[in-house]
Structures are given as structure tokens and as C-alpha cells.
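*Asks:* Here's a sequence, model it:
(chains A, B, C and D, ligands or ions: 5)
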Amino acid sequence: MAEQFSNREGIKGMINPTRYGLHRVAYWLQRLSGLGLLAYLIGHIYETSTILNGKAAWNNMLSLTETPGGHLVLVLVIGMCVFHTGNGIRLMISEGGKGVGKPGQPEYPYRASSLNSKQRLCIWVSIALAALAMMYGAGVLFGN
Amino acid sequence: MVNSIDSDLLIVGSGLAGLRAAIQAAKVAPHIKIAVISKLQVMRSHSVSAEGGTAAVLYPEDGDTIESHVYDTVKGSDFLGDQDVIERLVNEMPSEVYQLEHWGMPWSRRDDGRIGQRNFGGYSFPRATYAQDKVGFYEMQTLYDTCQKFDNIEFYNEWFVTSIVHDGQRFCGLTAIEMSNGTFYTFKAKALIIATGGAGRVYSFSTYALASTPDGLDMAYRAGMALKDMEFVQFHPTGILPSGILITEGARGEGGYLLNNKGERFMKKYAPSKLELASRDVVSRAMITEINEGRGFKHDTGVDCLKLDLRHLGKELIIRKLPAIREISLKFSGIDPSNEPVDVRPVCHYMMGGIHSNIDGATEIQGIWAAGEAACNSVHGANRLGANSTAECLVWGKITGELAAKYILEEKSSPPFPLHLVATEEKRIYDGIFRGTGSVNPYEVRQELTEIMNNKSYVFRNETDLVEGLKLVRALRQKTWKHVDDKAKEYNTNFTNVMELDSMFRVSEVILMGAIWRKESRGAHARTDYPDRDDKNFLAHTLVYYDTKEPVIKTHPVTITKYKPVERKY
Amino acid sequence: MVPEYYLVIKMKESIIMKIHYGTALGAVALVAVHILMRLSQKFSDSLQYQNVLANYHFLPYALMLEVILILLSVHGFNGLRVILLELKQGVAYERAINYGSIVAMIVLVAYGSRTILMAGMGLS
Amino acid sequence: MATVEVPKEQKVEPTTPAPAPSKPKTITLRISRFNPSEHAETKFEEFKIPVQKWTTVLEAILYVKQSLDHSVAVRYSCRQASCGSCGMKINGKPRLACYTKVSELESNVITVEPMNNFPIIRDLAVDFKQLFSTHKKMKPFIINEESEVQPGTKEFVQTPKDLEKFLQFSYCIKCGLCNSACPTMATDKSFIGPQGLAQAYRYTADNRDQGKKDRLKIVDQSHGIWRCHFAGSCSDVCPKGVDPAMAIQLLRGYMLGFRK
Ligand SMILES: Cc1cc2nc3c(=O)[nH]c(=O)nc-3n(C[C@H](O)[C@H](O)[C@H](O)COP(=O)(O)OP(=O)(O)OC[C@H]3O[C@@H](n4cnc5c(N)ncnc54)[C@H](O)[C@@H]3O)c2cc1C
Ligand code: HEM
Ligand code: SF4
Ligand code: F3S
Ligand code: FES
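*Replies:* Ligands and ions are numbered 1, 2, ... in the order given. Next comes the predicted model:
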């Protein structure tokens, strides 16, 4: 059957973080932060490479990055990094089959035990830590 | 030119019987081509709804015996069951349960790891082997999954079979429509197993899946095979309101009570020793009597009902052993059975009758076998015991699968294919139905037909009602409902629904004619005008043959080996 | 399903993903050190040309940066590979993605290493 | 058999005065109509229909089919959530139509669309070929040399505890809702999907089975188990409590060496 009739939800469906609960939001944030961090990593490596071109070049670069805009990006990177790390650790543990609940006879009304409260707590904690780190970072960067 | 598919063995129907047959045939003959054809996707068959259990004598060491299962079944059948057939069922069953278990069936277990069994109506030993209360579902899953082992089983999901083609003696093939694109096909093969299940949707209040219409029965009937004992329709005591979804007998097997509006366990009047666990015909009649005598409740919908009380079983037991019942009542009726009794009423649940077949499942045409609920090898006689039907599907699935495979291996030549029959069939369905013209809504006609059946041939019957019913059915048939509004080829269920309705008319007529003919009360067939069993005139099976004018009724003897008919009491 | 042997480097997916997890784990520890070192002084000071160069001259730190660089490139580009693999399928496309991500890893590591190496050897 | 004891009379509480029959209310049902061989795109048709408090979405659709427009294409059978036929997108989320009461949606407009990630045959009916063939590839059966019984064979011993290890995953009715909710499935047409992966685990976790090695090899491919990112949407929509997300992570646990 031609793929145009396949009715796949496509990227929009993949991205849409609503509808399916907190795990889906975490999935989406993990992706987004991963990509963001990758972009930052590339940028960061380019940024540091200017040190090879001497102090002038380095300071030139600093004048680009050491700006309110640049600091905003850094704050975001801090948030992404903390969330991605925290949630990443949760994922590594869960994907190894730990903490996703124990199989047993489900009881109506069914509540999936892999979506249990510990899991949800971990996601919230990752988000909260990210928020805290961002505030701290903002304090350091924007404070004098 | 009509599209054609060649195969060796065709199995129509993918319920328990069809799947069990496919596996057995594939085991016996790994190189033949097996096609399982179903108008549903294969594991969506009605069998997934079976709940309570499958009867088998597993643990003689605990006191169960083969004789006891045989006798319970004979007695349950009100002595109309063929006793050699019943013995075969009972003898084959234990190994079927173990076979399913070896294929992955999640039977519920006792603490020591053995398979669990529970009480069921009409049995003198708890031998309904169970897997929570989703027995049929798990059995279907086990069989469907096991089928995936075999590469010579091909599934035709959503192919609507319309007719059987034979040359008068031997089977030749089938005609069918591929529903996803509407293409008409012929199948050519050496052997056929009909496993199209029951036909309970001819009644408006029914536990059956919406797809359980009598197409398969009708196909065989039109092809000249007899329908046997069709007047025996089982009404299960506990259909939940308002949907008619089944509350398994297991609920009473685990200790549930039936109560009337005085709060009495009224079954003690009707079956003092077995109470709620008397056979189904007995309990259903008791319930209707209570309702008729004014001791029923009125449901929201205005329907009379009684209460099934499970509260004393406790929430814990209900969750562990009857989870599906809990789910069904919570979801569909908004009642938690551990806090509140549920509203129930007798409901159409099983067809004892079916395509006339012998102890091997062979029909009157060479190369055609029938298995499962569609078949009538007379294992259930006038009333089926709960848990014996899934058993029957397994046993005759296996037997017919094996015999058909061996027949194919031995049979060298196929008869010439009577192509003119295919042309006739094409004309019947396309000119007669698809391109028909009419003004009457076929769905309203179906509703009316099923209500006539519900009103005129329910738990209690009498001559006036039945004759009136037959007249009404025949009059309804004259209306111009044979047309299809939807003209698309793809997934045209309007078309298949009208074909189903067409078959419902013929089979309803057979049910009514059999019921009028049988002037006695036996098993599920209770005539208020002939309240007693009449072994002198009616200890015989009814056969009904198709004829263009009026169906022809004949009889067939009952096989009695050990147990002479005696009065039946619970 | 697309056959899996279009990968010339016939690495099982489970091995690849174990590397993904492994690199992530390694990175957690090292990135933490990296950031803490930066925070041990005033942030703007940490960016002073001399201070940064001094870091590169400190061999253990330079080595750590190199390790972080490798871990994160592998992890990051494999992550990207995964996302792209799920976006679209097809033998040619998937082969391009698989090779592309390896090339990207190598390029990024090479480019970053150049900085570490040259800055570390005092070539600037 | 033990004689049945006749218990003490049990009183049903005097029935609360029969609740007044709830009056039907009218809602709007929007059905997505599309026949790929005839139309270029999907359009919605609206129907006004009466519903009661127990009316399910399936019943509502069948009301339309039977009384207003016979040509609506929809798949159904058991009407009791055990056959898996009637999965569709109801008000934006994948659900079983027979298992969703109109009243619980708390909306006067109900929109039904075919499930995502399955090709549309027509209207609400979608094509399951891929799900079925993927299911088959997972070797969903007991792999054990002794799986055929001989005369005199008894059961494999399996305690209630052993049973619990896989029972929940055998609740799966192959309705496909999980596959239609999974974000990987939304773009990856080669992904095995939660339904198949959960079944691979179901048989692997069965103490009668010896096919673990085979199945681990099957799921370890570039569009296999590693394409699950524990988004949990599968378990969020599963109507039967199967929790495929759990099954997948447990299966992956074997591969990461966290579990034996
Ligand atoms: C709610 C309920 C609960 C039950 N519980 C129990 C129980 O606890 N214990 C017990 O022993 N029995 C029980 N029964 C009875 C038992 O489930 C059935 O008798 C049995 O499942 C019938 O199986 P089958 O294989 O004969 O047919 P089915 O499962 O009904 O399958 C019929 C097949 O035929 C196909 N078909 C029909 N017409 C056509 C056509 N025209 N073209 C192509 N294919 C066609 C259908 O698609 C389907 O695949 C129960 C029945 C009901 C209704
Ligand atoms: C330092 C701690 C980090 C940890 C613990 C970590 C952990 C993880 C984990 C477990 C995944 C897999 C998620 C899944 O299975 O869906 C992942 C994905 C990913 N990571 Fe990291 N990571 C870290 C840092 C980084 C960094 C710094 C980058 C950027 C270079 C990065 C980029 C990515 C990308 C692009 C993905 C793919 C996203 C996806 O598949 O949805 N990660 N990470
Ligand atoms: S796992 Fe749940 S949602 Fe998925 S197919 Fe099975 S029953 Fe449906
Ligand atoms: S939604 Fe998909 S990503 Fe994994 S947890 Fe379920 S399969
Ligand atoms: S009709 Fe069977 S699951 Fe809905």
C-alpha cells in the first residue's frame, strides 16, 4: 500500500507532547535537549577552537558569546544538560528493566505500572533540578 | 473471468474449532496448502468471548471419573445426545487440555502448579478447567499463536464466504469476497471444514458477537446438507442488562446467588439440590417463571430482570477469579459486583443444532466436515452443559483437521469444477442483492426479525406463538429489503450485512419449523402446551432440508449406548 | 523490514546502544568535573584567555577534555543517528545516516582534538 | 460432590426507588470518511444522534450505519472489548469504540477517525497486515521440544507465581492502539512496535518456553527493540492493562545484562 495512505502521524505526531501523559512529555524533552546539547557541543568546540588564533580572536569570540543573548543560550544549555542527564539516568535504569513495576494480574480500571509514581516523580525531579540549575546559572551569569 | 485460488484444505471460520483444525491438519500433513478463511480478522472470532471454562476430567486421583462426565452430559442433553459421541468427547478432552497447556495456555493454577478447575452448572464434579474468566480468549490466543509456527497455514482475514460448491457427491470449492477490495473469488480445493460458529444474532437479546450470524449454516443448507436439531436454542440465565453481555456461569460456580424481588434464592424451589448450578435450561425457566409471576425487578430500560448477587464472595475473590465479570459490570452497567447485585435476564447464548454431521464430524457430502458450534454431531442433544462447547470445538477441530488432511493425502483426483454454479452464485449475490432495488431499510428488517424470534421462540414456547412467529417471519421476508445502498467495492459491510440477513431468514425459519414440529418439552425446548418429554414420539433428531418451496423435515435416530432415558431432575 | 546487513560495519544494534549508554554514563562524571572546575572560580575569570590556556597546558585536564570530546561526539551523533533513522526509512538513506554519523563523529573529534592538542602543546 | 448448603436468606436492601429512566440526549458524531480509491482526501460528516448514559461510541456509530448512512465502514465484532476489532481515534486519542461510553467523554461533539499508523482501507477500517506479520516474526509460541503431547503427558508444572510473570501480557487483544500511539511508530514504518515486542516478552517470560535466545536475536535489529524510548504512550492507551512499555523494558533488561 502506498505510503501516502499509510496514515502515519508523521513528525507532527511524534513531536506532539500532549495527549499521552508525562512519559511522553519526558520523551519529547529528552529528544529536544539531546539535540540542543549536540548543537551546543558543536558550537562550543568551534568557540574554543578560536583560542588557537590568539588572544584577539579569543576575545573577539568572547564579545560574541558574553552577551545577554549568549548567556541566555547558556542558561538554556544548563537546563537541557541537567534535565537530559537526570532523565537520562532514569531512562538507563528503566530501560534495563528496573523500576518499571512488576508484572502481575492487572486490575480494572487498568493503570499501567510502568507509568508508576516513582517514574513520574523522577521526571518531575529532573525538571525541577533543571529549573533550579537554570536559576542558579542565571544568577551566576547575569549577576555581577 | 472469475479470480481463482487453489488450495488443498479450506477451513471456513477461525474460531476455536477452525484454528484447532488448522493446526492438526498442518501437523498431520506439513506439505498441503491450508487456507483459513474468515469474514473477520482471524482472532476476532466470537470464541474470544467464551468466559467460564472447558470441561475435562483431569484428576481422577481427586475423584473425578470419565463415566461421571459422560453421564452428566447425557443427562444435561435430556437424553437427546448421541452417547457414543459424548463418550468420544469426554475421552479426548483431557489430552486436549494438556495440549493447550503445552502450547502456552495460561490456565489458572493451583498452588502446587497443577491446572485449576471450578464448578459449573449440571456437573457433579468441579471439572470446568479455567483461566480466570477469559477461557475462550486465552484458548483463541494460544491456538492463533501456535498457528504462527506453521508456514503452510495461510490466513485470509476478512474474506466473506458466500457459498459451497460441490458436484452432488464431492466437494469442489467455495466462492468468497475479499472484503478489503470487494473482489469475488473462487477457491478450489479437495476438502472443506466448516467452522462458522453459532448463529445467536437471530435473537435480539444475545450474548453473541455481532458477527455471529448464520451464514455458515445457511451455506451448507443451501448446498443441500441438513440442519439438525435447530429448535434447541440455549438461553443462558445471566445476560447482564442492558447490553446482553454474558456473566459467566462461573460466577455462580464460584458461589453467586440468584435473587428475586423478595430477596429469596428462588432456585431452591426449582432445583433443591443443585440450586443455581442446575443446568441452564432449568435455571432460565425458573427465572422466567419468577418474572412472569411478578417477582422480578424492572431495569432502567423497562426490561424485567432478576439480581445476581456476588457480594458475599468478597472483592478479593472477584478480582482474582472473575476479573472480566467485574470489568464488564463496572464498564458497561456501572455496577461493582462486590458492592451491588447485578441485573440479569436469560439471554440467547448457544445453538445446540447445526449442520448434520456424524461422530467424525463428516457431513453428507464427501470432502466436507463440520466442527464447532456450526456442526451438530449431537454431542449436546437438547441442552448443552456449560464448558462443553469449547471442549467440543477443540475435540472436533482436531478430529476433522486430522481426517481432512489424511483424506487430501489419499485423494488423487479432484472432480471437475462445476463452473456454472459459480455463475449462479454471482448472479444470486450481485443481481439478487447488491444491485437489488428496494425501499425498506434492511437494518430495520433485521431488528424486527430478531425481535420476532425473541418474542415468539424464547425460553417458553407454544404452538400459537410459534406459528404466528413463522407467519410474521415469512411476511417480513416479502418486503423489499434486498438491496444495498452502499455501492463502493471496498470494505462494504452494508453488502455483507444484507447477505447475513438473507441467511438469517432461512435459518430462523428452520428454527421455528423445528420448534413447531417438536410437540414435547425437552431440554432447552420448553413448550407450555406440551410440558412433558415424549420419548415415544420425539426421541429423535430433527433434520431440515432446503427446498425451493418449503423446508422438508425428516428425523434421525438417537444413539443410546449405556444410559436409558429417565426423568431428569436437579 | 529493511535487512540489517547494509551496515558495512556489522555492529549489532545492541552493541551500538550499549555504547550509547556507556558514553552517557562516562559523560555524566566527566562533564560534572568539567563544569565544577569552571565554577571553582568566578565565571568570567574562567574565560580569561590566560586561564583557559593554562587549563589546556594542564595535562590531566586536557586529557579529560579529550575523553569528554570523544564520549559526547559518539553519544550525540549516535543520538542524532537514532532520530534520523526513525524519521525515514530506506536502504540508501539508512546507509547514508549510518556512515554520515560516523564521519560526523570523526570530524568533530578531530576538530576538537586539534584545539586540545595544539593549545596543550603551547602552539598558540 | 459436596452438597450445596442452602445459606441463610439474604435480603436485598429495599430497592432504592427505581431511578427515573434517563432521557436520551442528542450529540453530534463526526465521522471521518475516506475511501482511498475514490477520494483524494478525508472529509468529516456530521450526524446528530440520540444517546443514553450507557451508549458506547460503537453503538453510536452503528446507529448511524443502520439508520442514517449505511455506507460507513467500521470494523467490530464482540462489542465487549475482547476481540480487538474496534480501535479508532476518538476525540484525538486511540481507544476502543465499544469500550468508550459517550458519557465518559464529557463532550457533545464526538469525533471518530481511523487509527494512526495503519493504512486506511476505508473510513474507520484500517489495514492490519503489518501488525499481523510482525506478530508472527516474534515467534509468539512456546518453543520447547516437548511442546506436543504424547499419550499420558501431564501438564508442565507452573505455579501461580510463574503464571504471574507473563499473564498480564497475554491480556493483549491485538487491537493495535499501542502501535497507533507510539511516537516511534508515527514515523518509523519498520519498527516492530509495542504490540509485537510485548508479545516477544510474553513468551520469553513463560517458564515453559526455551526460545529466549531466538527472540532476543529477532528484536535486536536496527528497527527493533532499541527504537523504543520508553515514551509510555503505548501503556497509556492500552485498554487491557497489558503495559507493553513494561514488557519492552523487561525484555531489554535481558539484553543490557540487568536481568538474567
Ligand atoms: C459469551 C459466551 C460465552 C461462552 N462461554 C463458554 C464457556 O465458558 N465454555 C464453553 O465451553 N463455551 C462457551 N461458550 C460457547 C463457545 O464459546 C462457542 O460455542 C464457541 O466458541 C464456538 O466456536 P466456533 O469455533 O465454533 O465458532 P466461532 O468462534 O463463532 O467462529 C466462527 C467463525 O466463522 C467465521 N464465519 C462465519 N461466517 C462466515 C462467512 N460467511 N465467511 C467467512 N467466515 C465466516 C467467523 O468469522 C468466525 O471466524 C460461550 C459462548 C458465548 C456467546
Ligand atoms: C551527560 C549526561 C548524559 C546522559 C546521562 C545521557 C543519557 C542519554 C540517554 C540514556 C539517552 C537515550 C534515550 C533513549 O533511549 O531514548 C540519550 C539520548 C541522547 N543524548 Fe544523551 N545523555 C547525556 C548527555 C548528552 C549530551 C551532552 C548530548 C549532546 C551532545 C547528548 C545527546 C543525546 C542525543 C542527541 C540523544 C538522542 C535523543 C533520543 O534518542 O531521543 N546527550 N542520552
Ligand atoms: S498491547 Fe494493549 S493496546 Fe497494544 S495491541 Fe495489545 S491490547 Fe491493544
Ligand atoms: S509508546 Fe513507543 S517508544 Fe516505547 S514505551 Fe511504548 S513503544
Ligand atoms: S468490538 Fe470487539 S473490541 Fe470492540
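*Asks:* Only C-alpha atoms from now on, for both contacts and neighbour counts.
*Replies:* Noted.
*Asks:* Name the helix or strand for the closest residue to chain C within the stretch 201-350 of chain B, please.
*Replies:* Closest to chain C within the stretch 201-350 of chain B is B:A211: 33.7 Å, counting by Cα to the nearest Cα. Following DSSP states H and E, one finds B:A211 outside all helices and strands.
*Asks:* and what of B:F160?
*Replies:* strand B:159-166.
*Asks:* So for chain C, the centremost residue is which one?
*Replies:* C:S73 (1.9 Å; Cα atoms, centre = their mean).
*Asks:* State the phi and psi torsions of that one.
*Replies:* phi -70, psi -50 (degrees, to the nearest 10).
*Asks:* any idea which element the nearest residue to it once chain neighbours are set aside lies in?
*Replies:* Nearest non-adjacent residue to C:S73, counting by Cα to Cα, 6 or more residues apart in numbering or on different chains: C:M105, 5.3 Å away. According to DSSP H and E, C:M105 maps onto helix C:91-120.
*Asks:* what about the helix-or-strand element of chain C with minimal mean pLDDT, near chain A?
*Replies:* For chain C, counting by mean pLDDT, DSSP states H and E, helix C:43-46 ranks last in confidence among helices and strands (a mean of 84). Yes: shown here: helix C:43-46 in contact with chain A (Cα under 8 Å from any Cα of the partner chain) through C:F43.
*Asks:* Which SSE is immediately downstream of that helix?
*Replies:* Following helix C:43-46 toward the C-terminus (DSSP H and E): helix C:49-57.
*Asks:* Can you spell out which helices and strands pack onto the one helix or strand A:I45 maps to?
*Replies:* Counting by DSSP H and E, the element that carries A:I45 is helix A:22-49. Secondary-structure packing of helix A:22-49 (3 or more Cα pairs under 8 Å, 6 or more residues apart in numbering or on different chains; DSSP states H and E): helix A:68-95, helix A:117-142, helix C:59-87, helix C:91-120.
*Asks:* To B:I86, which of those lies closest?
*Replies:* helix A:68-95 (52.9 Å; Cα to Cα).
*Asks:* near ligand 2, anything from the strand or helix carrying D:Y254?
*Replies:* For D:Y254, the element it lies in under DSSP H and E is helix D:244-256. No: using Cα under 6 Å from any ligand atom, we find that helix D:244-256 stays clear of ligand 2, coming within 10.6 Å at best.
*Asks:* For that helix, name the packing helices and strands.
*Replies:* By 3+ Cα pairs under 8 Å, 6+ apart, helix D:244-256 packs against helix A:68-95, helix D:194-204, helix D:233-237.
*Asks:* Try it again at 10 Å.
*Replies:* Using 3 or more Cα pairs under 10 Å, 6 or more residues apart in numbering or on different chains; DSSP states H and E, the elements in contact with helix D:244-256 are helix A:68-95, helix C:13-39, helix D:194-204, helix D:212-219, helix D:233-237.
*Asks:* Up against ligand 2, what does the stretch 151-260 of chain D have?
*Replies:* Proximity of the stretch 151-260 of chain D to ligand 2 (Cα under 6 Å from any ligand atom) is limited to residues D:H229.
*Asks:* Point me to the residue of the stretch 151-260 of chain D nearest ligand 5.
*Replies:* The stretch 151-260 of chain D approaches ligand 5 most closely through D:C175 (7.3 Å), counting by Cα to the nearest ligand atom.
*Asks:* In three-state terms, label that residue for me.
*Replies:* coil (DSSP: H, G, I helix; E, B strand; the rest coil).
*Asks:* From ligand 4, how far off is it?
*Replies:* 15 Å (Cα to the nearest ligand atom, to the nearest Å).
*Asks:* Enumerate every residue touching that residue.
*Replies:* Listed by Cα atoms under 10 Å, 6 or more residues apart in numbering or on different chains, the contact partners of D:C175 are B:44, D:81-88, D:95-96, D:128, D:131, D:195, D:238-240.
*Asks:* Check the gap between the closest residue to B:E463 other than its chain neighbours and chain C for me.
*Replies:* Leaving aside its chain neighbours, B:E463 sits nearest to B:I516 (6.3 Å; criterion: Cα to Cα, 6+ apart). Distance of B:I516 to chain C, computed by Cα to the nearest Cα, to the nearest Å: 60 Å.
*Asks:* There's contact between B:I516 and B:D529 in this structure, I believe.
*Replies:* No: between B:I516 and B:D529 there is no contact, the gap being 11.1 Å when judged by Cα atoms under 10 Å.
*Asks:* Could you name every residue contacting both of these two?
*Replies:* Shared contacts of B:I516 and B:D529, counting by Cα under 10 Å, 6+ apart, come down to B:461-464.
*Asks:* Name the member of these with the most neighbours.
*Replies:* B:R461 (21 neighbours; other Cα atoms under 10 Å in any protein chain shown).
*Asks:* Identify the bridge partners of that residue.
*Replies:* Per DSSP bridges, residues listed as beta-bridge partners of B:R461: B:R527.
*Asks:* For it, give me its contacts.
*Replies:* So, once contact is read as Cα under 10 Å, 6+ apart, B:R461 ends up touching B:455, B:515-516, B:521, B:525-531.
*Asks:* Check for me that D:I49 belongs to a strand.
*Replies:* Yes: membership of D:I49 in a strand is supported by three-state DSSP.
*Asks:* quick check, the helix holding A:I45 touching ligand 2?
*Replies:* Yes: Helix A:22-49 reaches ligand 2 (Cα under 6 Å from any ligand atom) through A:30-31, A:34-35, A:37-38, A:41.
*Asks:* which parts of that helix are buried?
*Replies:* A:22-31, A:33-38, A:40-41, A:45, A:47-49 (16 or more other Cα atoms under 10 Å in any protein chain shown).
*Asks:* what does stretch A:62-79 give?
*Replies:* So stretch A:62-79, judged by 16+ other Cα under 10 Å, has buried residues A:62, A:65-66, A:71-72, A:74-79.
*Asks:* Spatially central residue in the chain, please.
*Replies:* With no chain named, the answer covers chain A. Most central in chain A under Cα atoms, centre = their mean is A:S33, positioned 3.1 Å from the mean C-alpha point.
*Asks:* wait, chain B
*Replies:* Of all residues in chain B, the one closest to the mean position by Cα atoms, centre = their mean is B:G198, 3.2 Å from it.
*Asks:* quick one: low-confidence ranges for chain A?
*Replies:* A:1-5, A:144 (pLDDT under 70).
*Asks:* Below-threshold pLDDT in chain C: ranges please.
*Replies:* Those would be C:1-10, C:123-124, if you go by pLDDT under 70 across chain C.
*Asks:* quick one, phi psi at B:C348?
*Replies:* Taking degrees, to the nearest 10 as the convention, B:C348 sits at phi -60, psi 130.
*Asks:* Look up the pLDDT of it for me, please.
*Replies:* Here the pLDDT value assigned to B:C348 is 96.
*Asks:* same question, B:K569
*Replies:* Reported pLDDT for B:K569: 86.
*Asks:* on that earlier part again, so of the contacts of D:C175, which ones are in helices?
*Replies:* The helices, defined by DSSP state H, take in D:131, D:195 from the contacts of D:C175.
*Asks:* contacting residues around B:E567?
*Replies:* B:75, B:78-79, B:533.
*Asks:* out of those, which one sits closest to B:A56?
*Replies:* B:K75 (16.5 Å).
*Asks:* Go ahead and confirm the closest one touches B:K569.
*Replies:* Yes: using Cα under 10 Å, B:K75 is in contact with B:K569, at 9.0 Å.
*Asks:* So which of the two has more stuff around it?
*Replies:* Each of B:K75 and B:K569 has its neighbours counted (other Cα under 10 Å); B:K75 has more, 29 against 15.
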